[in-house]
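Colleague: quick one: sequence plus predicted model below, questions after.
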Amino acid sequence: MTDTSPIILWFRRDLRLADHPALTAAASTGRPIIPLFIHDEVVETQGAAPRYRLGLSVASLATSLHRHNSRLILRRGRALDVLREVIAQTGAGAVYWSRLYDPDAKARDTTVKAALKDDGIAARSFNGHLLFEPWTVETKTGGFYKVYTPLWKAVRDRDVDACLPEPTLPLPDVWPASEDLADWQMGADMQRGADVLARHVCVGEGAARDRLGLFIAERVANYKTLRDFPAAEATSGLSENLTYGEIAPRALWHAGWRAVHDGKAGAEHFLKEVVWREFAYHLVHHTPRIMERNWREEWDAFPWNKTENEHVVAWKQGRTGIPFVDAAMREMYVTGTMHNRARMIVGSYLTKHLMTHWRIGQAWFDDCLIDWDPAANAMGWQWVAGSGPDAAPYFRVFNPDTQLDKFDADRTYTRAWIAEGHGRPSATALSYFDAIPRAWNLRPDAPYPPPVVALDVGRKRALDAYQSRGDG
């Protein structure tokens, strides 16, 4: 007999319709598809900005499905409990989803898959979040890659399947009840900052495709030469959309290689950055400790500060007295993102000049970035701190002032984000004061603070500590 029971398509961080292997596989069966998003135990742990931005993406997907006469069913609760409830209400015989690779998601999904199979329900997972799943990339000796460049060389010439078209969605005869997204208040923890962020987000599958098209047409040729200049509009901005799966990584891969073949000089460097994200998930899969502990275990004894002292508060508020650091932190509060060069500077400053544990920075970014990615954030912080793979040498302590002279010589970036000391501050600089908590009690007409730690003092202290632990 042909199975005509519905298939539940469990959406998570794959909030698109095109190039969606799980959705395409479900549609190919001809069975009715019930799209479902669950505000589950993993979503509950997300920080304020990521959860706010996730809510926008869920709303966008719901709108897209509505245009296809389908709908997105919303439920809140423990994932397995919700799935069993919807299965009982609909007679669904299968649940399909796209795989995730961070420890929390893997633990949830492993439990769900085993339990559903015990219930007699077909549970199938598919790739869609990565180009190369972690277990498919091995060294010549059969191990995993611990250094980025050899991994890049190993995957550079691999074939990647073509992008899938948007499928036709078979509809169920009866829809289960859905909760109201507004009742979840996914932006509540943002408080007044949500209104500021709303001016800068780029939400949804269509917007992501347009963003990629603009980047390839106008920016990718100069990507390698301009990507480190934070005031230049030189990057793709697609990390926000990749995070929620509004666009698939292989769309970037194929567009990037077309640009390479068209002779656009910066395109291959863009592809290397796409694979840097793959490297982060490769490491998270093989060494999940990178999420919470020093990847290089010899760093466990390093004397980092692990408390929120006055210097950490100044760093969080963008009031360190170091213009590059402060501008970057303020950019994050206003836009929910931060330029990549700036991320390296603020990370180096916190972990080296302020001698503060990278976990404090990781947690703060977890809460503040709309393009938060669990693997990329963990690896990025450990890379800049020195405790991770492909880490900067212990003696590489970025000097924020010389970095500013090199990458923002005319101070366009810092003027865009710092109001204090300027008679006519920019609108973006002023919007920082609308985004931050009122409890910080900061004003644009206040004097700009002196450095909380002199750069030469901070550098010497860091180097002395590194050398004393035997790295010198």
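Modeller: Right, received. Where do you want to start?
Colleague: gap between Arg209 and Arg124?
Modeller: Distance, Arg209 to Arg124, using CB to CB, to the nearest Å: 27 Å. All C-beta spots, glycine's among them, are computed from the backbone N, C-alpha and C.
Colleague: more neighbours, the two?
Modeller: Neighbour comparison, Arg209 and Arg124: the larger count goes to Arg209, with 17 against 14 (by other CB atoms under 10 Å).
Colleague: residue contacts, the more buried one?
Modeller: Residues in contact with Arg209 (CB atoms under 8 Å, 6 or more residues apart in numbering) are Ile247, Ala251.
Colleague: and if we set it to 10 Å?
Modeller: In this structure, Arg209 makes contact with Arg16, Ala18, Asn241, Glu246, Ile247, Ala251, Ala255, judged by CB atoms under 10 Å, 6 or more residues apart in numbering.
Colleague: then Arg411?
Modeller: Contacts of Arg411 (CB under 10 Å, 6+ apart): Ala231, Pro323, Phe324, Ala327, Leu404, Asp405, Ile418.
Colleague: and if we set it to 8 Å?
Modeller: Under the contact definition (CB under 8 Å, 6+ apart), the residues listed for Arg411 are Pro323, Leu404.
Colleague: same check, this time on Glu308
Modeller: Ile360.
Colleague: what distance do you get for it to Gln317?
Modeller: Going from Glu308 to Gln317 by CB to CB gives 12 Å.
Colleague: just Thr351 next, same as before
Modeller: 18 Å.
Colleague: do Ile360 as well
Modeller: Counting by CB to CB - Ile360 and Gln317 are separated by 14 Å.
Colleague: could you do Lys306 as well?
Modeller: Applying CB to CB to Lys306 and Gln317 gives a distance of 19 Å.
Colleague: report the mean per-residue pLDDT for the strand or helix carrying Asp109.
Modeller: Element membership of Asp109 [criterion: DSSP states H and E] is helix 103-118. For helix 103-118, the mean pLDDT works out to 97.
Colleague: tell me what angle the helix or strand just after it forms with helix 103-118.
Modeller: Following helix 103-118 in sequence order, the next helix or strand is strand 122-126 (DSSP H and E). For strand 122-126 against helix 103-118, the angle by axes from the mean of the first three to the mean of the last three CA atoms, to 10 degrees is 150 degrees.
Colleague: which elements pack onto strand 122-126?
Modeller: Secondary-structure packing of strand 122-126 (3 or more CB pairs under 8 Å, 6 or more residues apart in numbering; DSSP states H and E): helix 21-28, strand 94-98, helix 103-118.
Colleague: starting at the chain centroid, how far to the helix or strand of the chain with the lowest mean pLDDT?
Modeller: Ranked by mean pLDDT, DSSP states H and E, the helix or strand of the chain with the weakest confidence is helix 455-468, at a mean of 88. Its chain's average C-alpha position is 31 Å from that of helix 455-468, according to CA atoms, centre = their mean, to the nearest Å.
Colleague: and if you look at stretch 458-472?
Modeller: Relative to its parent chain, stretch 458-472 has a centroid offset of 31 Å by CA atoms, centre = their mean.
Colleague: which parts of it are buried?
Modeller: Buried residues in stretch 458-472, counted by 16 or more other CB atoms under 10 Å: Gly458, Arg459, Arg461, Ala462, Leu463, Ala465, Tyr466.
Colleague: CA atoms of that stretch as PDB?
Modeller: Written as PDB, here are the backbone C-alpha positions of stretch 458-472 (Å, rounded to 0.1, in the frame of the first residue of the first chain):
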ATOM      1  CA  GLY A 458      48.200  45.900  28.500                       C
ATOM      2  CA  ARG A 459      50.400  44.500  25.800                       C
ATOM      3  CA  LYS A 460      53.400  44.100  28.200                       C
ATOM      4  CA  ARG A 461      51.200  42.400  30.900                       C
ATOM      5  CA  ALA A 462      49.800  40.000  28.300                       C
ATOM      6  CA  LEU A 463      53.200  39.100  26.900                       C
ATOM      7  CA  ASP A 464      54.600  38.600  30.400                       C
ATOM      8  CA  ALA A 465      51.800  36.200  31.300                       C
ATOM      9  CA  TYR A 466      52.200  34.300  28.000                       C
ATOM     10  CA  GLN A 467      55.900  33.900  28.500                       C
ATOM     11  CA  SER A 468      55.600  32.900  32.100                       C
ATOM     12  CA  ARG A 469      53.500  29.900  31.100                       C
ATOM     13  CA  GLY A 470      56.200  28.600  28.800                       C
ATOM     14  CA  ASP A 471      55.100  29.900  25.400                       C
ATOM     15  CA  GLY A 472      57.900  32.300  25.000                       C
END
